[in-house]
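Asker: Generate coordinates for the sequence data below:
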Amino acid sequence: MNDIQISSDRAARRAAGKRLRQAVPRESHADWQPAPGRDPLAILAQGDDGRLVALIPLRYERMRANPFAFLRGAAAVMVADLVGVPAPGIPVQACGDCHIGNFGVYRSPEGLTLFDINDFDETLWNVDFTVDVKRLAASVAIAAFAQGEDKARSAARASVCAYREHMRELSDLAPLAIWHSRIDLDHEVGVLGDRDLCRRLLSEASTETADGLSHGDAPSLDQAKLQSDPPQWAIAEKAPTIFHEGPNGLTEAVEEARAALLTYPQSLTADRNLLALRYALRDVAFKVVGIGSVGTVCAVGVYADADGAPLFLQIKEARPSVLAPLALSPFFLGSEGQRVIDGQRIMQAASDPFLGTAQSQTSGRSYYVRQLKNKKLSAVTGILSESGPKAYARLCGTTLARAHARSGDAAMITGYLGKGSAFDKAVAEFAIRYAKQTVADHALLSEHAPSTAQA
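Answerer: The predicted model follows:
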């Protein structure tokens with residue numbers, strides 16, 4: 001595989017990808033059935049090991065909201081469902097939790113409005129490209145399922161079709177051109193196929209305030225304390241998601257995060273270390289995030305420069321990737337925090353200059369740090385209903401192709417996918433089957449109290 005990437009030209013690599021269809025026909029990706037004795041709740045319970053006990057019930061509460069919320073928290077379940085499923089074996093840096101809620105808009109350091117993948121907790125190198133494609137398609141189908149099975153299938157197929165078509169476009173480019181490609185909404189309104197959708201996404205990006213955050217569940221400063229004499233920098237309490245003190249070890253977790261933030265600049269390159277050292281850490285608070293991450297240690301620190309300009313950084317526990325059972329061969333040997341920031345830098349078109357890592361000397365937890373500025377789209381269902389699921393699905397599929405092409409062999413992937421719709425149809429059928437299974441899994445969880453699900 002590596003010899004082909006280095007020494008073979010584009011035509012030879014496409015031919016090699018086409019030959020892989022003999023071992024794993026594209027139509028075979030539709031074939032999926034739950035394994036005998038499959039127990040999604042047991043898999044979820046295994047993932048509770050090492051989480052903060054006080055927050056585990058909240059994890060299940062959020063997952064019970066609807067089938068899409070269940071899918072978001074059940075990346076490990078889907079990985080287990082894909083173990084042993086034939087795959088062509090073309091490696092990429094995989095996102096790992098590639099559902100449509102993990103795509104969003106953000107401002108690049110250059111001020112561009114980019115649409116990209118925004119979550120990399122499960123990212124891992126050397127995973128077959130079809131893993132992310134299938135999770136994306138399944139998430140599209142689940143989110144659109146309320147509009148009927150036909151629309152859900154059509155939307156899922158649209159995401160795969162867009163992936164295949166954009167991968168073919170990228171396969172004609174030189175590696176450096178692929179690396180610099182991006183989904184720039186400011187310059188591509190209408191080009192991506194839906195002018196209204198692009199404008200809606202640009203509107204999402206424009207909600208950032210003077211502190212660089214899109215508020216709602218984002219942290220903010222306690223203005224009363226800031227205006228006191230002398231001024232006190234403090235993050236405002238927003239129970240139950242942002243707080244300084246809590247039961248069952250949560251306060252200790254905040255202090256551990258504070259200590260890790262103080263050592264984190266040592267992980268930065270010299271130029272970024274100099275930038276970070278212009279800010280002083282003022283306050284740290286615990287922040288409950290997402291669904292799958294609930295129960296892991298996550299905190300936000302507010303910094304300020306000498307003139308009072310604020311900077312918010314998020315520090316988050318990095319646990320082993322759930323994708324590990326699907327790795328084509330063991331590869332990563334560094335810390336889990338390093339795995340996450342490496343994956344983000346590889347897959348995102350423009351990465352955060354504050355990306356770094358830290359390690360707790362007391363608990364052994366591995367952390368990664370990033371600027372708390374990127375905005376994921378929380379109202380995905382609203383976007384789907386307003387713009388139609390196919391338009392947003394195509395945008396996500398296009399974006400995933402760009403992210404995969406930065407690490408994978410676009411020519412070989414294109415050779416496997418081909419020009420026709422065989423792969424699109426097969427993965428769309430898989431997505432419908434998996435959507436139905438997720439509905440059943442969600443119902444099973446809803447029948448059990450959190451304590452039962454944790455047993």
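
Asker: Name the single longest helix found in this structure.
Answerer: Assignment by DSSP state H gives helix 422-446 as the longest helix of the chain.

Asker: same question for that helix, mean pLDDT?
Answerer: Average pLDDT, helix 422-446: 97.

Asker: where along the stretch 201-350 of the chain do the helices fall?
Answerer: 223-226, 250-263, 270-276, 336-347 (DSSP state H, counting those that start in this stretch).

Asker: So which bits of the longest one are buried?
Answerer: Judged by neighbour count (16 or more other C-beta atoms under 10 Å), helix 250-263 contains these buried residues: 250, 253-254, 256-258, 260-261. Using the backbone N, CA and C atoms, a C-beta is placed for each residue, glycine as well.

Asker: show me where pLDDT drops low in the stretch 351-455 of the chain?
Answerer: The model of the stretch 351-455 of the chain has pLDDT under 70 over residues 373-388, 449-455.

Asker: so where do the helices sit in it?
Answerer: So, for the stretch 351-455 of the chain - with DSSP H, counting those that start in this stretch - the helices run 380-387, 389-405, 410-417, 422-446, 450-454.

Asker: So A69 versus I142, what's the distance?
Answerer: 10 Å (C-beta to C-beta, to the nearest Å).

Asker: I meant A74, not that one.
Answerer: Distance from A74 to I142, by C-beta to C-beta: 11 Å.

Asker: And the strands in the chain, which stretches?
Answerer: For the chain, the strands defined by DSSP state E cover 91-94, 103-107, 113-117, 124-128, 242-243, 280-287, 298-304, 310-317, 356-359, 366-371, 375-376.

Asker: Around N126, count how many other residues there are.
Answerer: By other C-beta atoms under 10 Å, the residues close to N126 number 17.

Asker: thinking again about what came up before, I'd like the strands of the chain as TSV, with distance to V160 appended.
Answerer: As requested, the strands of the chain are exported to TSV (distance: least, C-beta to C-beta, whole Å):
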stretch	distance to V160
strand 91-94	15
strand 103-107	15
strand 113-117	16
strand 124-128	15
strand 242-243	38
strand 280-287	35
strand 298-304	32
strand 310-317	31
strand 356-359	34
strand 366-371	30
strand 375-376	22
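
Asker: Determine which stretch of the ones you listed is the most buried.
Answerer: strand 91-94 (a mean of 26; mean count of other C-beta atoms under 10 Å).

Asker: what packs against that one?
Answerer: strand 124-128, helix 129-144, helix 336-347, helix 389-405 (3 or more C-beta pairs under 8 Å, 6 or more residues apart in numbering; DSSP states H and E).

Asker: Swap in 7 Å and give it another go.
Answerer: strand 124-128, helix 129-144, helix 336-347 (3 or more C-beta pairs under 7 Å, 6 or more residues apart in numbering; DSSP states H and E).

Asker: which one of these lies closest to V79?
Answerer: With C-beta to C-beta as the measure, helix 129-144 is the member of those nearest V79 (8.0 Å).

Asker: returning to that earlier point: for A69 and I142, indicate the residue with more neighbours.
Answerer: With neighbours defined as other C-beta under 10 Å, A69 and I142 compare such that I142 has more, 29 against 18.

Asker: Nearest residue to the residue nearest the centre of the chain in space, ignoring adjacent ones along the chain?
Answerer: By C-alpha atoms, centre = their mean, the chain has its centre lying nearest to D119, at 2.7 Å. Nearest residue to D119 in three dimensions, chain neighbours excluded: N102, at 4.1 Å (C-beta to C-beta, 6 or more residues apart in numbering).

Asker: Ok, W125 next?
Answerer: That would be Q93: by C-beta to C-beta, 6+ apart, it lies 5.0 Å from W125.

Asker: is it true that that neighbour touches S407?
Answerer: Yes - in this structure, Q93 is within contact of S407 by C-beta atoms under 7 Å, at 3.9 Å.
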